[in-house]
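A.B. asks: Okay, here's the prediction I keep looking at, along with the sequence it came from:
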Amino acid sequence: MRQREEIIKAWLDMWLGQELLPLEAVFTPDVHYYEFQGREYEGIDQIRRWFETWNSENRVVKWEVGRFVHDQDLTLVPFYFQNVNKEGEKREYEGVYLVEWDGNHRIQKLQEFYCKLPHYKPYA
């Protein structure tokens with residue numbers, strides 16, 4: 001389980017440092033990656049293109065992981081995310097990764113779920 005946690009942390013560190021390292025150590029060649037807005041990336045080449053395009057317009061400021069919850073070939077990862085774009089606009093949310101692994105500790109499917117910030121209490 002520790003190896004899986006390190007792989008996820010390495011993926012987040014790539015975003016924080018805006019430096020893409022070899023994706024073959026993180027993802028299967030036919031990986032499916034689903035962003036919370038509905039975008040889907042299929043395969044390492046699409047993930048590489050997304051990373052490069054996104055980082056040309058944005059910068060991740062914080063990406064903090066809560067804990068890791070493992071169950072066989074699945075891992076849940078709660079996190080806090082914050083970024084800023086070229087115009088200085090900040091975006092933040094809390095989210096959860098649902099990660100599915102292959103037999104070689106590589107991500108074969110990753111789905112993002114999020115909760116918009118700031119929270120508000122409509123019935124307070």
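C.D. replies: Alright, I've got the coordinates.
A.B. asks: mind listing what Tyr34 touches?
C.D. replies: Counting by Cβ atoms under 8 Å, 6 or more residues apart in numbering, Tyr34 makes contact with Glu40, Tyr41, Lys109, Leu110, Gln111, Glu112. Bear in mind the C-beta positions are built from the backbone N, C-alpha and C, glycine included.
A.B. asks: actually His105, sorry about that
C.D. replies: Taking Cβ under 8 Å, 6+ apart, one finds Gln3, Arg4, Ile7 in contact with His105.
A.B. asks: Now do the strands in this protein.
C.D. replies: 27-34, 40-42, 58-65, 69-71, 74-85, 90-101, 107-116 (DSSP state E).
A.B. asks: circling back to that earlier point, quick check: ChimeraX command selecting the buried ones in the contacts of Tyr34.
C.D. replies: Restricted to buried positions by 16 or more other Cβ atoms under 10 Å, the ChimeraX selection for those reads:
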select :41,109,110,112
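A.B. asks: and which of the contacts of Tyr34 is nearest Asp102?
C.D. replies: Within these, distances to Asp102 taken as Cβ to Cβ reach their minimum at Lys109, with 9.4 Å.
A.B. asks: Run a quick neighbour tally on the nearest residue to that closest one once chain neighbours are set aside.
C.D. replies: Nearest residue to Lys109, sequence neighbours excluded (Cβ to Cβ, 6 or more residues apart in numbering): Glu100, at 4.0 Å. Neighbour count of Glu100, defined by other Cβ atoms under 10 Å: 16.
A.B. asks: what do you get for Thr53?
C.D. replies: 10.
A.B. asks: any idea how far it is from Arg39?
C.D. replies: 11 Å (Cβ to Cβ, to the nearest Å).
A.B. asks: now Glu92
C.D. replies: Remark: distance between Glu92 and Arg39 (Cβ to Cβ) = 19 Å.
A.B. asks: between these two, who's got more neighbours?
C.D. replies: Neighbour comparison, Glu92 and Arg39: the larger count goes to Glu92, with 14 against 11 (by other Cβ under 10 Å).
A.B. asks: Go ahead and confirm that one touches Leu117.
C.D. replies: Yes: the criterion here is Cβ atoms under 8 Å, and Glu92 meets it with Leu117 at 4.9 Å.
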